[in-house]
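[1] sequence unknown, structure follows:
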C-alpha cells in the first residue's frame, strides 16, 4: 500500500532497511520506557508511523537504507524485539518517507510541544471514524498504521467503559483491556471482574474467568486434538486479533471428548499387554500425579560382563576423582576433569539402574496412565500404583508381619513389653535432643517417605511429624525422674525461656536465630514426636533410628525389681541371673518367694551391663 503526496510517500518498509539517523533531534532519555514500548508493539504492532528519508547507498549496501528522523524510540523498541528473536528482520514497519532537507524540521515538529495521545483516546477515535462510515483501510491510511492495528484498537473499544475509565486513570493496564477483549459482552466482562478476588485481578485471571469453558489453541490438549479435527467434528474457533497464531476452541467439552477418544486407542493396546489397569486422563498434572505411587525396584544379580563394566567405570571414577583433588580449581584442566567425573558418574548410575527389576508383588497391582504431555503428544506412564493399590499392598504386608509376630515365642507379658518400649522410646528421644543433626536426618527421612513412597510412611518411620500424642503420657508416672525425662525437661525449659511470649512474633524470631540454636530447637521438636511404644515384641520402626543415633540404653536405664523383675516369672528371673552373673548365683536365691527374688535379682545385677533383649542394640 502506497500513499502519494507532493513531498511525501507512505510505505511499509522491512525493519532491516531502517537505520537511526543522526538528524533525529531527540538525544536524551532515548532508552527510557523502551521495554514497555517494545511489549506494546509486540502486542499491537507499530501504532504510529516512523518518519524517514532515503539514505545514499553505500558501496557495501545490497539494498536501500532509510534514516529514521522521527520515531527513534519506536525504532529502538523494534530493535529490542529483534534482538530477543520476537520479530524477524523483514518485519514491516509503517514509514512516512520525506525529503532529506525536511528531515530535521519534521523531527523537531514531532518531538517538540507535543504529548503522546493516550491509547484509549486513539481507539475511541478509531471507533468514531468507523461509526461515521469510514472503512478500516481508510482509517489505517489516515493514521499511518496497518489495518490489523485498527482492528485491534476497535476490539479494545468494545471493552466496558468502566474499565476504559480505570485504564485512563492508571488503575488498569493495556494488558487488562486485552484480556477483557476476548468477549464483546460487556456485562459478562463486569461480572467476571466482580467475581474475582483482588489478587486474582490479573490479565491471566481475567482471561481465565472469561474463557473457563473454552480452550486455547496453544493448550497441550488442543494441540493434541488439532484444530482441523476439532472443526471437522463441528467445533468453532475464535481467532485472536492480538496474536495471529492464537485461536480459541469454544467447545471445551468437545475438545476433551476428542482427546479422550484418541487416548483410548493407546489405552486399549496397553490393556492387551495384560496391565492390571489403565486410566485415560487427558490432563494429568503434577497434583494428580502426586496421588500415585511407583513400583519400587530391587537389585538383580549382575552378569559377569555387567560387573566388569561397572568395576571399570568405578576404577575410572577413582582415578578422575584423584585428579580433581590434585588439580588447581583455577586451572582449565580442573573443569575438564569435573566434566569427565560427572559423565562417568552418570554412566555408573545408568548401569546400576539397568541392574534393577520391579518388585513382582507391587508390579502385579500396577497399571498405567495415558495422558497428554507438555509437548502436546501422547504420554504413557507405567508402573504406577493407585492409592487403593498402595493401601492394599500395605495391608497385605501388615498382615504378613502380624502373622510372623504371632508365630514368634513370647518372652514377656504384653504390659511389660509396652512399659519397656516406653523406656526405650524416651531414651531415644533424649538421645536425639543431644544430636540435632540426627534429628534433622530423621525428619528428612519421614518427609521423603511421605513424598516418594506411597503407603510406606506408617510402617517405616518412627517420627510423628504431625505432632500427635505418642504412647508416653500413659507411662508418665513411671518415667518421671528418669535420666531421659530429666534431660528432656532441661532442654524444654531452656527453649521455653528463650521463645517469644507472643506466637505472632515467632517466625520473625526464628529467622534471626543462629544456626546452632535453630537446629537445637528443631531437634527437640523432632525428638518428642518419636513413638516406639508397642505391646508386641519384635521389630519396630525405631530400630533403624536407634542404630543411627547409637542409642545405648546402659546410659538411660537399668533393671530393678520395680521396673522389670516383678513383671516376669520366677523362672525368667533365675534365667536372667544365670545369664548375667552365674548359675551358682541363681541357685543361691532359687528358693526365695517372688517379691524377695525380684529384689535379690536387682542386687545381683547392680554391677552388670545386662539388658533385656528389647533394650539391647538392634541388629
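    Received it, and whenever you're ready, just let me know what you need. The structure presented is a predicted model; accordingly, all values stated were derived computationally and were not measured. Numbering: from 1, shown residues only.
[2] for residue 139, grab the count of nearby residues.
    23 (other Cβ atoms under 10 Å). For every residue, glycine as well, the C-beta is placed using N, CA and C.
[3] what of residue 556?
    Around residue 556 there are 20 residues (other Cβ under 10 Å).
[4] secondary structure element for the residue nearest to it when sequence neighbours are not counted?
    Distances taken as Cβ to Cβ, 6 or more residues apart in numbering place residue 427 nearest to residue 556, at 3.7 Å, with adjacent residues excluded. Under the criterion DSSP states H and E, the helix or strand holding residue 427 is helix 414-433.
[5] name the helices or strands packed onto that helix?
    Secondary-structure packing of helix 414-433 (3 or more Cβ pairs under 8 Å, 6 or more residues apart in numbering; DSSP states H and E): helix 436-452, helix 476-479, helix 483-498, helix 515-527, helix 542-548.
[6] buried stuff in that helix?
    Applying a neighbour-count criterion of 16 or more other Cβ atoms under 10 Å, one finds 416-433 buried in helix 414-433.
[7] confidence score at residue 107?
    At residue 107, the predicted lDDT confidence score is 57.
[8] likewise residue 597?
    At residue 597, the model reports a pLDDT of 93.
[9] I'd say it and residue 573 touch.
    Yes - counting by Cβ atoms under 8 Å, residue 573 is a contact partner of residue 597 at 5.4 Å.
[10] how long is stretch 532-540 end to end?
    Stretch 532-540 has an end-to-end distance of 7 Å (Cα to Cα, to the nearest Å).
[11] just the residues contacting that stretch, thanks.
    Outside of stretch 532-540, the residues within contact range by Cβ atoms under 8 Å, 6 or more residues apart in numbering are 404-405, 408, 410-412, 414-415, 417-418, 421-422, 424-425, 428, 462, 470-472, 475, 541-542, 613-614, 618.
[12] now it: buried residues?
    Quick answer for stretch 532-540 (16+ other Cβ under 10 Å): 532-534, 536-537, 540.
[13] so how far is that stretch from its chain's centroid?
    37 Å (Cα atoms, centre = their mean, to the nearest Å).
[14] residue 149 falls within a helix, correct?
    Yes - read with DSSP: H, G, I helix; E, B strand; the rest coil, residue 149 is one of the residues of a helix.
[15] just give the nearest non-adjacent residue to it, would you?
    residue 45 (4.7 Å).
[16] what comes up buried for the helix or strand hosting residue 335?
    If you go by DSSP H and E, residue 335 is part of helix 332-354. By 16+ other Cβ under 10 Å, the buried positions in helix 332-354 come out as 337, 340-341, 344, 348, 351.
[17] now residue 382: how far from residue 276?
    11 Å (Cβ to Cβ, to the nearest Å).
[18] now for the two: what residues contact both?
    366-367.
[19] just the pLDDT for residue 365.
    Reading off the model, residue 365 has pLDDT 82.
[20] hmm, back to that, how far off helix 483-498 does the helix holding residue 427 point, in degrees?
    With axes from the mean of the first three to the mean of the last three Cα atoms, to 10 degrees as the basis, helix 414-433 and helix 483-498 are set at 50 degrees to each other.
[21] how distant is helix 414-433 from the center of its chain?
    Distance, centroid of helix 414-433 to centroid of chain: 38 Å (Cα atoms, centre = their mean).
[22] angle of it against helix 515-527?
    Helix 414-433 and helix 515-527 meet at an angle of 170 degrees, taking the same axes, to 10 degrees as the criterion.
[23] now helix 414-433: mean pLDDT?
    Helix 414-433 comes out at a mean pLDDT of 87.
[24] that older thread, so how far is residue 548 from the residue nearest to residue 556?
    From residue 427 to residue 548 the distance is 14 Å (Cβ to Cβ).
[25] ok, now residue 531?
    16 Å.
[26] more neighbours, those two?
    residue 531 (21 against 15).
[27] which pLDDT value belongs to the more buried one?
    84.
[28] and residue 134, what helix or strand is that in?
    Element membership for residue 134 (DSSP H and E) is empty, with no helix or strand holding it.
[29] burial check on it, number of neighbours?
    Quick note: residue 134 (other Cβ under 10 Å) scores 16 neighbours.
[30] helix/strand/coil for residue 382?
    Assignment for residue 382 (three-state DSSP): strand.
[31] pretty sure it sits against residue 358.
    No - counting by Cβ under 8 Å, residue 382 does not reach residue 358; the two are 9.5 Å apart.
[32] now the common contact residues for those two.
    Common neighbours of residue 382 and residue 358 (Cβ under 8 Å, 6+ apart) are residue 366.
[33] once you drop chain neighbours, what's closest to residue 475?
    Excluding its sequence neighbours, the residue lying closest to residue 475 (Cβ to Cβ, 6+ apart) is residue 422, at 4.3 Å.
[34] next up, the contacts around the one you found.
    Counting by Cβ under 8 Å, 6+ apart, residue 422 makes contact with 471-472, 474-475, 478-479, 533.
[35] can you rerun that using 7 Å?
    By Cβ atoms under 7 Å, 6 or more residues apart in numbering, the residues touching residue 422 are 471-472, 475, 479, 533.
[36] and these, which are buried?
    472, 475, 479, 533.
[37] between the residues you listed, which is nearest residue 581?
    residue 479 (27.8 Å; Cβ to Cβ).
[38] gap between that closest one and residue 228?
    For residue 479 relative to residue 228 (Cβ to Cβ), the value is 74 Å.
[39] what does residue 92 give?
    In terms of Cβ to Cβ, residue 92 sits 29 Å off from residue 228.
[40] more neighbours, those two?
    When neighbours are counted by other Cβ under 10 Å, residue 92 comes out ahead of the other of residue 92 and residue 228, with 14 against 8.
[41] do a quick rundown of the strands in the stretch 1-150 of the chain.
    3-4, 9-14, 18-20, 50-54, 66-70, 92-98 (DSSP state E, counting those that start in this stretch).
[42] next one: the second one to chain centre, how far?
    It refers to strand 9-14. On Cα atoms, centre = their mean, the centre of strand 9-14 falls 49 Å from the chain's centre.
[43] same check, this time on the fifth one
    The gap between the average C-alpha position of strand 66-70 and the chain average comes to 49 Å, counting by Cα atoms, centre = their mean.
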